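Asker: coords please:
(one chain, ligands or ions: 2)
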Amino acid sequence: MSINQQGASVHFNNDNFAVLGAYMHTPIRGQVEHVDRALFVIDGAGVIRDILEPDSPAFGQLSAEAKNAGRLTELGQNQYLLPGLIDLHVHAPQFPQLGTAMHISLDQWLQEYVFPLEARYADRHLAKHVYNLLVDTLLANGTTTALYFATVHLEGSRILAEVCFEKGQRAVVGKVSMDHPDQCPDFYRDKTTQEGLESVAEFVESVRSIRGNNKGLVCPAITPRFIPSCTDEMLLGLGAMAQDQKCYIQTHCSESDWEHSHVLNRFGKSDAESLAGFGLMTDSTILAHSNFISDADMMLIKTAESAIAHCPLSNIYFSNAVFPARRALEKGLTVGLGTDISGGASPSLLVNCQMAVNMSRLLEEGVDPSLPPEKRGIANSRISFREAFWMATAGGGLALNKKIGVLKPGYCFDAIVVDLNVPESNIQTWPEVDRPEDLLQKIIFNATRTNITKVWVDGQTVVETP
Ligand code: GUN
Ligand code: FE
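Answerer: Ligands and ions are numbered 1, 2, ... in the order given. The predicted model follows:
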């Protein structure tokens, strides 16, 4: 038994453990906090109970006790503990076409590639196979939490939720709703609105009752694919169900020119206004993309306390524009990052951090060399790597109303170890030149999955390289 900083007793046993080493995170948007040496005490519920630094009286004793009990993980030099990455937008069934089919517009791509591929998930074996590979891949890339679209199929969607739970990934999973006969092909849509709504209700119940899921590691989400693919009746029904069941909601919002104007033509108002009208804009709503939102839409999203999943890599191919991340952040909106697999061709959220920075620079500078510099871009649009990392971690946690994304007492221990010096590393460290936060910037710009040597979710080890 020993006494830690707060005076609470800690006894290391098979439930709790400690991690000793350097860490970095971005608890405040735009600022990197870097600590050279700290002892994390993680309790039996997977929550960070305490973070002690060497000047704390209990530091030495607790480190020794954890070590003696065989419950201490010690990080080496050039290994950093970071918060786990939170991917706010993934289409799980699209994993097999990752890196292909990016030469056509969103509406054509959906009809010619996405819907035929997703329709195949009526086959539960395919679902199981792909979802196992995907969840392993995302965990290995440091994604400790993912917000997934599955498909229209009830069984396949359940399989995705079960795979996440079995592998220990924190996840929010949606069975996709799409019933509009003008936008969804006969071979891939809810048979009727009523049947679609009933199977969503069944899905919500079945995810909540996965055996052992009482803490809600995996949660269901109401998932109207996007307004074009849903009838008014479906959107209304899903809005009512989300309120009744207190569920997350995920959908696409004002993604491309075509999609944004389709909704304007249908309802005479924007995606955000329309979603709000159907009861689909709550404090548990995550809107993918939102590239074409107006200032009024931003106010609406902010007031509703909904969040945006910015998917910078996907936007290059399917969105016709760059999401004004700086403007949204400055207005106080909650913004996280998404890979949008397979609209975005990388499973890595670090790549998307880098892309968020890159795209914001293009928005600021402009891209047409025939224009004079002052007419080329939009001033004050850039975001920094610090803000990108905040979106990939703390912002994602805020979007999901979960205590994740920051390494603080009371938060879930969802964390990754990034080893800058693994043999195959592209990252070089230069101690005489590197400032502490340069290391985070180097990680964002050059870390790959080989640098991610250990991953915990909810205090459980889910990835460990030998
Ligand atoms: N809009 C509707 N469905 C999709 C999809 O699968 N991916 C993207 N990026 N946008 C969509
Ligand atoms: Fe998407």
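Asker: which strand or helix spans whatever residue of the stretch 151-300 of the chain ends up closest to ligand 2?
Answerer: Using CB to the ion, the single residue of the stretch 151-300 of the chain nearest to ligand 2 is Ala288, 5.0 Å away. Just so you know, the C-beta spots here come from the backbone N, C-alpha and C atoms, and that holds for glycine as well. Ala288 is part of strand 285-289, with elements assigned from DSSP states H and E.
Asker: list the contacts of the residue in the chain that ligand 2 sits nearest to.
Answerer: Going by CB to the ion, ligand 2 is nearest to Asp340 of the chain, at 4.5 Å. Neighbouring residues of Asp340 by CB atoms under 8 Å, 6 or more residues apart in numbering: His89, Val90, His91, Ala288, His289, Ala309, Cys311, Leu313, Ser314.
Asker: what about 10 Å?
Answerer: Applying CB atoms under 10 Å, 6 or more residues apart in numbering to Asp340 gives the contacts 87-91, 94, 149, 252, 255, 288-289, 309-315, 317-319, 346, 352.
Asker: what's the spacing between it and Met241?
Answerer: 25 Å (CB to CB, to the nearest Å).
Asker: the one helix or strand Glu65 maps to: how far from the chain's middle?
Answerer: Per DSSP H and E: Glu65 is located in helix 59-68. With CA atoms, centre = their mean, to the nearest Å as the basis, the distance from the averaged C-alpha position of helix 59-68 to the chain average is 35 Å.
Asker: which non-adjacent residue is nearest Asn213?
Answerer: Phe165 (5.8 Å; CB to CB, 6 or more residues apart in numbering).
Asker: quick one, what contacts that neighbour?
Answerer: With contact set as CB under 10 Å, 6+ apart, Phe165 has these partners: Val135, Ala171, Val173, Val207, Ile210, Arg211, Gly212, Asn213, Leu217, Val218.
Asker: next one: it from Gly216, what distance?
Answerer: 10 Å.
Asker: next, show the common contact partners of the two.
Answerer: Taking CB under 10 Å, 6+ apart as the contact rule, the neighbours common to Phe165 and Gly216 are Val207, Ile210.
Asker: next, count neighbours for whichever residue of the stretch 201-350 of the chain sits closest to ligand 1.
Answerer: Nearest residue of the stretch 201-350 of the chain to ligand 1: Gly343, at 3.4 Å (CB to the nearest ligand atom). As a burial measure, Gly343 scores 28 neighbours (other CB atoms under 10 Å).
Asker: from memory it sits against Ser105, does it?
Answerer: No: at 11.7 Å, Gly343 and Ser105 do not qualify as touching, with contact defined as CB atoms under 10 Å.
Asker: which residues are common contacts for the two?
Answerer: Joint contacts of Gly343 and Ser105 (CB under 10 Å, 6+ apart) are Tyr317, Phe318.
Asker: for the residue nearest to Lys215 when sequence neighbours are not counted, what are phi and psi?
Answerer: Nearest non-adjacent residue to Lys215, counting by CB to CB, 6+ apart: Asp458, 7.5 Å away. Main-chain dihedrals, Asp458, degrees, to the nearest 10: phi 60, psi 30.
Asker: go on, Trp456?
Answerer: phi -120, psi 140.
Asker: what about the residue of the stretch 201-350 of the chain closest to ligand 1, which SS state?
Answerer: coil (DSSP: H, G, I helix; E, B strand; the rest coil).
Asker: next one: Glu437
Answerer: Taking three-state DSSP as the rule, one finds Glu437 in the helix state.
Asker: so who does the residue nearest to it when sequence neighbours are not counted touch?
Answerer: Nearest residue to Glu437, sequence neighbours excluded (CB to CB, 6+ apart): Val32, at 4.2 Å. Shown in contact with Val32 (CB under 10 Å, 6+ apart): 24-26, 384-386, 389-390, 435-441.
Asker: report the two of those separated the most.
Answerer: Spatially, the most separated pair among the contacts of Val32 is Trp390 and Arg435, at 18.3 Å (CB to CB).
Asker: show me which residues of the stretch 251-400 of the chain sit near ligand 2.
Answerer: When proximity is defined as CB under 5 Å from the ion, the stretch 251-400 of the chain approaches ligand 2 at Ala288, Asp340.
Asker: then the helix or strand just after the strand holding Ala288 to CSV, C-alphas only?
Answerer: With elements assigned by DSSP H and E, the helix or strand that comes after strand 285-289 is helix 295-304. Only the C-alpha atoms of helix 295-304 are listed here, as CSV (Å, rounded to 0.1, in the frame of the first residue of the first chain):
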residue,chain,number,x,y,z
ASP,A,295,-21.9,31.3,-41.3
ALA,A,296,-25.6,30.7,-40.4
ASP,A,297,-25.0,26.9,-40.6
MET,A,298,-22.0,27.3,-38.4
MET,A,299,-24.1,29.1,-35.8
LEU,A,300,-26.7,26.4,-36.0
ILE,A,301,-24.2,23.6,-35.5
LYS,A,302,-22.5,25.5,-32.7
THR,A,303,-25.8,26.2,-30.9
ALA,A,304,-26.8,22.6,-31.2
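Asker: quick one: distance of helix 295-304 to the chain centre.
Answerer: Distance, stretch centre to chain centre, for helix 295-304: 21 Å (CA atoms, centre = their mean).
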